[in-house]
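Enquirer: below are the sequence and a predicted model; questions follow.
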Amino acid sequence: MKLCMKPVEMIAVSTCDGSIRPLKFKWHEANDTAEAQVVKVDRIYTISEEKIAGNSMLVFSAQSFMHGEDRRYELKYEKKSMIWYLSRI
């Protein structure tokens, strides 16, 4: 399990009450020269908040079907900069 945070391109839905839900994201798996992979978020287990270096983040514990198997990971949304990160895959 890798513990680095890597920025990803995200498609998400926000509701009228302000909640946000990730739908799918694009990322480069091993190196930046490989073709980007689009991953659909199949299931969200938990949503929590944490602060990293004073920055408030939403943390989504999720699961997707990748490379022939179900894999769990975390997606983090930095509220101040509005950037999504893939973490703990």
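Expert: Okay, I see it.
Enquirer: what's the distance between the residue most central in space within the chain and residue 28?
Expert: Closest residue to the average C-alpha location of the chain: residue 75 at 2.5 Å, with Cα atoms, centre = their mean. Distance of residue 75 to residue 28, computed by Cβ to Cβ, to the nearest Å: 16 Å. For every residue, glycine as well, the C-beta is placed using N, CA and C.
Enquirer: is the residue nearest to the centre of the chain in contact with residue 64, as I believe?
Expert: No. The criterion here is Cβ atoms under 8 Å, and residue 75 misses it with residue 64 at 10.1 Å.
Enquirer: intersection of neighbour lists for these two?
Expert: By Cβ atoms under 8 Å, 6 or more residues apart in numbering, residue 75 and residue 64 have these common neighbours: residue 41.
Enquirer: how near is residue 7 to residue 72?
Expert: With distances taken as Cβ to Cβ, residue 7 is found 20 Å from residue 72.
Enquirer: quick check: bridge partners of the residue lying closest to residue 36 once chain neighbours are set aside?
Expert: Among residues not flanking residue 36 along the chain, residue 26 sits closest, at 4.8 Å (Cβ to Cβ, 6 or more residues apart in numbering). Assessed by DSSP bridges, residue 26 has beta-bridge partners residue 9, residue 38.
Enquirer: great, nothing more from me.
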